[in-house]
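Engineer: Kindly return the folded structure for what I paste below:
(one chain, ligands or ions: 2)
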Amino acid sequence: MNIADKILAKDELSREDIIYLLLTTDEDERLSLFNKAKYTTQKYSGSKVNLRGLIELSNICKKNCYYCGIRAGNKDTERYLLNSAHAMEAAEYAWKKGFGSVVIQSGERQDKAFTRHITDLITQIKTLSNQELGITLSCGEQSEDVYREWFEAGAHRYLLRVETSSPELYRKLHPNDDLHDFERRIEALKSLQKVGFQTGTGVMIGLPYQSVEHLADDLIFMKNLNIDMAGMGPYVPHPDTPLFYHSEDIPEDTRRLDLSLKMIALLRIMMKDINIAASTALNTLDPNGRAKAVAAGANVFMPNVTPPAQASNYMLYEGKPIFTDTAETALVEFEEHIQDLGFTINYNMLGDSKHYHNRIAKKGL
Ligand code: 5AD
Ligand code: SF4
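Structural biologist: Residues are numbered from 1 along each chain as shown. Ligands and ions are numbered 1, 2, ... in the order given. Predicted coordinates for the structure are as follows:
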């Protein structure tokens, strides 16, 4: 029995335990961690991977996060907003292919024209699918009223990454102004929970200035917030962003991949029945990254269904797959790999977070 095995036999992991497991380079210990995570997924969330068709609705963003390729300050990006027809084409594709749910992701803006567009799309997607297609939103910070409007229109899951749970690190990654305020982001997450969304958050892994202590605190933060879903992935530098000039200060690719997989595994062990996404960014570090994430505890896969003419402008980070990652090809390859791991795809199902339903049942609501 190695040290990792002893740690993993405990009911609760301490901060020190988490740090030990993030740091270990011992092959047997890594395997112990990943095997325990995979076993936990299968026991508490099942052996099915849930599908969401990812619609990248718009790369127009008011914000200027230092790491992101579609930040407002990047003048080299052609901006777009999918009109209703194009967005519905993507939703219909997802529906017909049996994806069960879509995710609408967008840069952040709060103007009425935009928030109404989202409300209309939610209504149309529900009508198109006889109310069956699930809708996850990832459209940033909004007022509680807007969140409620979208919830009442029929969206029921929301992903808002906190990016890091450390206020100091957050300030190093964002301009220091009202638009990029850590506390506001936390408030937005709480509003989402209050409105009734299945709420997800997540962080980037392998950022400049980020330590393993930060990452351990990120996991504890997600557990304390009692989230239903998580989306975490490696930081991937983008040349047209200020943070690119700190690329020397980040762990190398293999280490960022290892840390990302370990973060997924640890979160799975700490929060057994939540949904965890196999993020697209993993594939920039390893062509098989998303299947490896399933082996490490992920249970959600989000093939990109955005019409390709627009998807090429949704460049959050460098090397993001587009033409090689059409939903069709990505899914065939992924499905083969996860079958070898003992998983199948959960076609035609909402694929809600079990944690959410368990949480509601506990409350007796
Ligand atoms: N590398 C990895 N992920 C990034 N994101 C933005 N920029 C990058 C990057 N350079 C992620 C953020 C954001 C999500 C939409 O994309 O976590 O929440
Ligand atoms: Fe906008 Fe999100 Fe990119 Fe920040 S991370 S610049 S909010 S799209």
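Engineer: any idea whether the residue nearest to residue 68 when sequence neighbours are not counted is helix, strand or coil?
Structural biologist: Nearest-residue entry for residue 68: residue 316, 5.6 Å, with adjacent residues in sequence omitted and distances by C-beta to C-beta, 6 or more residues apart in numbering. From N, CA and C alone the C-beta is placed, and that goes for glycine too. State at residue 316, reduced to three classes by DSSP: H, G, I helix; E, B strand; the rest coil: coil.
Engineer: Contact partners for residue 316?
Structural biologist: Residue 316 makes contact with 68, 69, 70, 238, 281, according to C-beta atoms under 8 Å, 6 or more residues apart in numbering.
Engineer: Report the two of those residues separated the most.
Structural biologist: Within those, 70 and 281 form the most distant pair, 14.0 Å apart (C-beta to C-beta).
Engineer: hmm, who's touching stretch 186-198?
Structural biologist: Identification of contacts with stretch 186-198 by C-beta under 8 Å, 6+ apart yields 141-144, 147-148, 151, 155-158, 160, 162, 199, 201, 225, 228-229, 352-353, 356.
Engineer: Low-confidence stretches in the stretch 251-365 of the chain?
Structural biologist: 321-325, 364-365 (pLDDT under 70).
Engineer: let's see it at 80
Structural biologist: Residue ranges of the stretch 251-365 of the chain with pLDDT under 80: 308-314, 319-326, 363-365.
Engineer: and it, which of its residues are near ligand 1?
Structural biologist: Residues of the stretch 251-365 of the chain found near ligand 1 (C-beta under 6 Å from any ligand atom) are 281, 316, 317.
Engineer: Would you reformat these as TSV and include distance to residue 181?
Structural biologist: Formatted as TSV, these follow (distance: C-beta to C-beta, whole Å):
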residue	distance to residue 181
281	25
316	21
317	23
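Engineer: Run through the residues of the stretch 101-250 of the chain sitting next to ligand 1.
Structural biologist: The stretch 101-250 of the chain comes close to ligand 1 at residues 161, 163, 204, 233, 235, 236, 238, as judged by C-beta under 6 Å from any ligand atom.
Engineer: And the helices in the stretch 201-350 of the chain, which stretches?
Structural biologist: For the stretch 201-350 of the chain, applying DSSP state H, counting those that start in this stretch gives helices covering 212-225, 253-270, 282-285, 289-295, 308-311, 327-340.
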